[in-house]
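Undergrad: no letters, just coordinates:
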């Protein structure tokens, strides 16, 4: 991850690539300018579709009181019966709960050009964090056929979402319900 | 006078990013529209030098807007680049049938976008 610093307007920017800075800036501005939680969800969908190249997304809310992770929104794919724990595995879930992104890399022989073909392997699970705790998990599932894999710039965008999406998505009072971290969580 | 690009997308994120890239990395001026119908109207009013347009939009999609602009003398010759998440061949064919000059897929690579537009407009 590249280092970050503040520019004259106070907005954080990476030091790696000016074009990527503009991309991150657009994502940051879209989240910050969300009118309400519904608009923030739409903003999240726009960011993942337009900047990352994925139209199959799920957002799971972490409930620490009941030690569960529940689907609260999805787009482009039916995730009603999706087993997040199975997708991530115990170790993966623990990592995401502790603040790391979990990324499954694509097979080397990707891709077929069929939009709905069985090519999808690349997927990412991004922790949405407040006060050093994961309060939700963003599942970025099958990538568009023209997007072969995640790159370094995408990692910077994941970090931005992890750090800055919670408040617009869940309101200023967004927080976790207890201090426990990870173990015992079920999906 | 700087050349003018009409950027059309119903996604605020895409509009923001494309506009930022073009205005900060080139000398072009940008105007925006958020659907195909507004794009047709803005194209007539603003007479842009190039149109960068999404496909899947409410009210009027990019293919329909492109066809309509090709039927009107004032917008017939303006280069149109369609920008969309839909990379399937059938969509690309539909794009070129509608009269677009180029077709690129999202996520947009900023450097490639600038190079493509400079190819049409020069810098």
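TA: Okay, I see it. Note that the coordinates shown come from a computational prediction; the quantities given were computed from them, not determined experimentally.
Undergrad: rest of the way, CA atoms for contacts and neighbours
TA: Fine.
Undergrad: quick one: the residue lying closest to residue B:104 once chain neighbours are set aside and residue A:73, what's the gap?
TA: Nearest residue to residue B:104, sequence neighbours excluded (CA to CA, 6 or more residues apart in numbering or on different chains): residue B:83, at 5.0 Å. To residue A:73, residue B:83 is 27 Å away according to CA to CA, to the nearest Å.
Undergrad: coming back round to it: any idea which element the residue nearest to residue B:104 lies in?
TA: Using DSSP states H and E, residue B:83 maps to strand B:80-84.
Undergrad: just residue A:70 next, same as before
TA: strand A:68-75.
Undergrad: what's in contact with that strand?
TA: A:45, A:55-63, A:79-80, A:136, A:185-187 (CA atoms under 8 Å, 6 or more residues apart in numbering or on different chains).
Undergrad: helix or strand right after that strand?
TA: Downstream of strand A:68-75, the next assigned helix or strand under DSSP H and E is helix A:84-97.
Undergrad: from the chain's centroid, how far away is that following helix?
TA: 14 Å (CA atoms, centre = their mean, to the nearest Å).
Undergrad: buried set for it?
TA: A:84, A:85, A:88, A:90, A:92, A:93, A:94, A:95, A:96, A:97 (16 or more other CA atoms under 10 Å in any protein chain shown).
Undergrad: identify the residues contacting the closest residue to residue B:43 other than its chain neighbours.
TA: Nearest residue to residue B:43, sequence neighbours excluded (CA to CA, 6+ apart): residue B:75, at 6.7 Å. Applying CA under 8 Å, 6+ apart, we find residue B:75 in contact with B:43, B:44, B:47, B:69.
Undergrad: if we go to 10 Å?
TA: Counting by CA atoms under 10 Å, 6 or more residues apart in numbering or on different chains, residue B:75 touches B:40, B:43, B:44, B:45, B:47, B:48, B:49, B:50, B:51, B:66, B:68, B:69.
Undergrad: in PyMOL, select just the buried ones from these.
TA: Burial among those is assessed by 16+ other CA under 10 Å; the matching PyMOL selection reads:
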select buried, chain B and resi 40+43+47+48+49+50+51+66+68+69
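Undergrad: tell me the one of the contacts of residue B:75 nearest chain A?
TA: Nearest to chain A among these: residue B:51, at 18.1 Å, using CA to the nearest CA.
Undergrad: that closest one against residue B:44, yeah?
TA: No: using CA atoms under 10 Å as the test, residue B:51 is too far from residue B:44 to be in contact (11.7 Å).
Undergrad: so is residue B:30 in a helix, a strand, or just coil?
TA: On the three-state scheme (DSSP: H, G, I helix; E, B strand; the rest coil), residue B:30 is labelled strand.
Undergrad: surely residue B:76 is in a strand?
TA: No: with three-state DSSP as the criterion, residue B:76 is assigned coil and is not in a strand.
Undergrad: where do the strands sit along the chain?
TA: Went with chain A since none was named. Secondary structure of chain A (DSSP state E): strands located at A:4-6, A:12-14, A:57-63, A:68-75, A:102-104, A:123-130, A:133-140.
Undergrad: wait, chain B was what I had in mind.
TA: Counting by DSSP E, the strands of chain B are B:4-8, B:29-33, B:50-53, B:80-84, B:102-105.
Undergrad: so for the residue nearest to the spatial centre of chain B, what pLDDT did the model give?
TA: Geometric centre of chain B, nearest residue: residue B:52, 1.4 Å, by CA atoms, centre = their mean. We have a pLDDT of 98 for residue B:52.
Undergrad: that one touches residue B:34, doesn't it?
TA: No: Residue B:52 sits out of contact with residue B:34 when judged by CA under 10 Å, with a separation of 11.6 Å.
Undergrad: show me what contacts the residue nearest to the centre of chain B?
TA: Applying CA under 10 Å, 6+ apart to residue B:52 gives the contacts B:5-9, B:18, B:32, B:39, B:62, B:79-83, B:100, B:102-104, B:113, B:117.
Undergrad: let's go with 8 Å and repeat that
TA: Counting by CA under 8 Å, 6+ apart, residue B:52 makes contact with B:5, B:6, B:7, B:8, B:80, B:81, B:82, B:83.
Undergrad: how many residues are close by residue 25?
TA: Unless you meant another one, I'm taking chain A. Neighbourhood size, residue A:25 [other CA atoms under 10 Å in any protein chain shown]: 22.
Undergrad: hmm, no, I was thinking of chain B.
TA: Neighbourhood size, residue B:25 [other CA under 10 Å]: 14.
Undergrad: not including adjacent chain positions, what is the nearest residue to it?
TA: Nearest one to residue B:25, counting by CA to CA, 6+ apart, is residue B:114 at 7.6 Å.
Undergrad: do you know the pLDDT at that neighbour?
TA: Listed pLDDT for residue B:114 reads 94.
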